[in-house]
Structures are given as C-alpha cells and as structure tokens.
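Make a model of this:
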Amino acid sequence: MSASLKRQLGFWDSVAINIGIVIGVGIFRVPAEVAKYVHSPEWMLTAWVLGGVISLTGVLCYAELSSLFPRTGGTYVYLREAYGPRVSFLFGWMEFAVLRAGSLAGIAYVFAAYLKNFISFGPETEKAIAIAAIAAFTLLNICGLHYGTRVQNVLSVLKVLTLLGISSTILLLKREGLILSAAQTAAPVRDHWFYLAPALIPVLWGYGGWNESTFMSGEFKDTRKALPISLITSIVIITSLYVLINIAYLSVLTPGAMRETKSIASEIFYALFGNPGRLLISAAVLISASGALNSYILTGARIPFAVAQDSTRLSWLGRVHNTLGTPVQAFLVNGGWAILLILWGNFEELLFFTGFAKWFFFTLAGASVFILRRKHKGDGSFRMPGYPFVPVFFTAFAFTLFITTIVNEPRAALLGAMLLMLGLPIYSLLHQKPK
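This next block holds a predicted model:
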C-alpha cells in the first residue's frame, strides 16, 4: 500500500464529474417546487438563471482555491488551511457521516423505484436493488480510476443528450400543435422578489454538486489551469440545459399546471406518446441516477482519504492500493456506511437535521478566499474575475441561507448543530497523544 494518488485526470473528466452529480434526478421534480412560489414563466426562468449565477460565484471561489491548493480533499483542504484542522475535520465528519452517505442512499432508492417501471418487484427487493447499485459502483471505482471516469464520461454525455432530446422533442411537437390541455389552465399571478427568495432554495438544490471535482484535485494533471476552467465550463453547460428544459416545460404547461404535476417530464411524454413515453423518461431518470451514484462514490472516497492524511489513527483510510491505484479502504467505508443507512431506512431525517451544515461550510469556504489570498500572495495560476465582489456575494448569500434555515427550522438546526458538535470529541479522541 502507498499513500499517494496518481495525477491522471483531465479537463473533460472534471466536467463529466460535475455534470454527473449536479444533473441528477432533481430537474425532473424541482420545477414543480419552484412553481409553488413564483407563478409566471418569466419569474420561473429568472429563478433558474439566478440560481446559475449564484452557483457561478461559488464556482469562481472554488476555481481560485483549487488552483491555490491542488490537493485531494477540496473543501476539507481549504478549510484546514484557513481555519485549522478542527474546522476541516468537522466538515469531513458531517460530509462522511450524513450528507454524502445520505445522498447516496436517497439516489439509490430513486434508482430502484424507477427500475420498477421496467421490472416488477416488491419493497424488500427495492431495498436490495438500492444496496446492489451502491455496491456495484463502489466495486467499479475500486478496480481503478480509469474505469470510474470512463463510465462517468459516458453517463454524463448521455445525460446531456437526454436533456437536449427531451427539450427539443417537447419544443418540436409544440410547434406542430401538440400542446397539452393543461397548458390552458389559468394560474393566479403572485410574483415579487419576495417570493423569488424561497423559490431559490429548491433551485439551488438542483444546482448542488458544482464543486465535486475539487475533491479530486490531487489527481488532476493540470490543477492550476485546467481544473478551474473546467468548473466554470460545467456550470455554464448545466445552467444552459436547466434553462432550456424549463423553457420546454413552460411551452406546454403553465406554472399553475406544473405545480400539480410531480413528475413533469414523465407526464408530458405520457400525454404525447402514451406509456412508451413514460418508459422513455424512466430510462432517462435511471441514466441520471446512475451518473449521480458513480460521481458521488468516485469523489466521496477522497474525503476520508484526505482526513486520514492528518490523523495517524485513521492512516489506514489514506492508503492507496499498489496495483489498483485507488484508496480501497476509503471506498469500502464510504459505500458501507451508505448501505447501512439504507438498511436503517431513516437517512431522510439525518439529512433534514443537518441541511443547514451545507450552507455553514459554504460560508466558511467563501470567506476563506480572503484569508488564503492574503496568506499566499502570488501563489496559484488562477485569479477570479470580479474580486472582491464575487466572494463577498457568495459568502453573504451562503450565510443568509444558513440563517434562514435556523429561523425557519430551529429544532432541526439545533439537532444538526448537536450532531456537528459531536465531531469535536471524535476529533480529540483521534488526535489524543498516546500516554
């Protein structure tokens, strides 16, 4: 076993990883949630464009940070360099214990649920299929980085083509006069900047994951230039696809009708093509879920791997297999914990309790740009345009959402904070000096 990962990833690998995670299953459901808050096509599209702009400010912050610290671990490394090992460990603890494993479990359940449209099986089999999906992608990535990235590249291309296909099909048939009757449904107009703010919460959930490839910074050939530009390229592609598919949705459905439709694309294709249309959308969701699973597993193992570099008691998680060239133990622990959450079945509650932690750490990461730029003047090859406005905007926005979650769900925030603070005694235990 060795303790280093080879630099073998390129520009398009980063783009594929980010697209793989961001474009998950959310785009097939989130537009209905957005329509609950804003009731006109113009304001809905504004919400999606604004979500892309907000994400872009975060991308620019991470582009500079990844150029400054081209090491495996992403956010963990930036927080450690800016605030010290305790803060970074708390991030690693929350990311490993709840946020990532819970997301993996949730996506695996979605995968199994949509597979049921092709193969009939019961609830217990659904859980077994969810477990099998995580196990299969974990094994794939253990076998070698080139296997995981090649599969991810294919799945991400299929995702882009799928969204383009869905959008163009709806728009084309709309031009031919095949408009759903629901499009004639009138909806009350209640649009104002005040209502746009809560609409951004589901929108930004749909954009979540734009920083994922930075967790693998230590494995990119050109981290100082190619990785930062790939982050920007990814979010531009994703924003364009999200706006396009929402234009397609709104060409056949009013926001009022969209609010009443949980599976928008599925319902539209069913109205146009019958049951085969619904099966086509189910296949698209399976592709998206597969890409998200593979990306989450691919990047997720790098978090315990990075944490292990700073703890002798966790050094076994930071080992790289001599033949496979992958952190096998980190993959097994990551995948194993997600499987345990599926067996337990209550991972939704954990995610609910700790949702505020995401914006807390994004606030710290945004502020770290100022700290680290001052500490490392002249280092790095990428300097974000719009400094200092961009990091100020991103940090302020992340902090606003952090406070909003506390105000709206104080009990959940308290329980999440308790779980977060549980990481402190764990940190002390792991770093306790032997007697």
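
which intervals of this structure have sub-threshold pLDDT?
1-4, 175-195, 345-355, 378-380, 434-435 (pLDDT under 70).

Counting residues, name the longest helix you see in it.
Counting residues, the longest helix found in the chain (DSSP state H) is helix 145-175.

For that one, buried residues please.
Of all the residues in helix 145-175, those buried under the rule 16 or more other Cβ atoms under 10 Å are 145, 147-149, 151-153, 155-156, 158-160, 162-163, 166-167, 169-170, 173-174. The C-beta positions use only the backbone N, C-alpha and C, and glycine is treated the same way.

do the same with stretch 246-263
246-259, 261, 263.

just stretch 389-397 next, same as before
Going by neighbour count (16+ other Cβ under 10 Å), the buried part of stretch 389-397 is 390-395, 397.

List just the nearest of those to residue 110.
If you rank the buried residues of stretch 389-397 by distance to residue 110 using Cβ to Cβ, residue 397 comes first, at 28.2 Å.

how near is the most centrally placed residue in the chain to residue 50?
Centroid check for the chain by Cα atoms, centre = their mean gives residue 209 as the closest residue, at 2.6 Å. For residue 209, the distance to residue 50 equals 18 Å [Cβ to Cβ, to the nearest Å].

Likewise for residue 102?
Separation of residue 102 from residue 50 (Cβ to Cβ): 27 Å.

So for those two, which residue has more residues nearby?
Neighbour count, other Cβ atoms under 10 Å: between residue 102 and residue 50, residue 102 has more, with 21 against 15.

name the element that one belongs to?
For residue 102, the element it lies in under DSSP states H and E is helix 100-115.

cool, and residue 198?
helix 193-206.

Could you give me the buried positions within that helix?
196, 198-206.

Make CSV out of these and add distance to residue 316.
Below are those laid out as CSV (distance: Cβ to Cβ, whole Å):
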residue, distance to residue 316
196, 48
198, 45
199, 45
200, 42
201, 39
202, 40
203, 41
204, 36
205, 35
206, 37
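
quick check, nearest of the residues you listed to residue 118?
Of all these, residue 206 has the smallest distance to residue 118: 25.4 Å, by Cβ to Cβ.

got a list of what that closest one touches?
22, 26-27, 30, 51, 242 (Cβ atoms under 8 Å, 6 or more residues apart in numbering).

How about residue 394?
So residue 394 contacts 54, 57-58, 60-61, 362, 366 (Cβ under 8 Å, 6+ apart).

quick one: the helices in the stretch 301-435 of the chain?
Remark: helices assigned in the stretch 301-435 of the chain by DSSP state H, counting those that start in this stretch are 302-308, 328-344, 347-375, 389-408, 410-421, 423-430.

Quick one, which of the ones you listed gets closest to residue 128.
Using Cβ to Cβ, the helices of the stretch 301-435 of the chain put helix 328-344 closest to residue 128, at 9.4 Å.

what's next to the closest one, contact-wise?
Applying Cβ under 8 Å, 6+ apart, the set of residues contacting helix 328-344 is 96-97, 100-102, 104-105, 108-109, 127, 130-131, 134-135, 137-138, 141-142, 297, 300-305, 308, 316-319, 321, 347, 350.

Give me the buried subset of those.
By 16+ other Cβ under 10 Å, the contacts of helix 328-344 give 96-97, 100-102, 104-105, 108-109, 127, 130-131, 134, 137-138, 141-142, 297, 300-305, 308, 317-319, 321, 347, 350 as buried.
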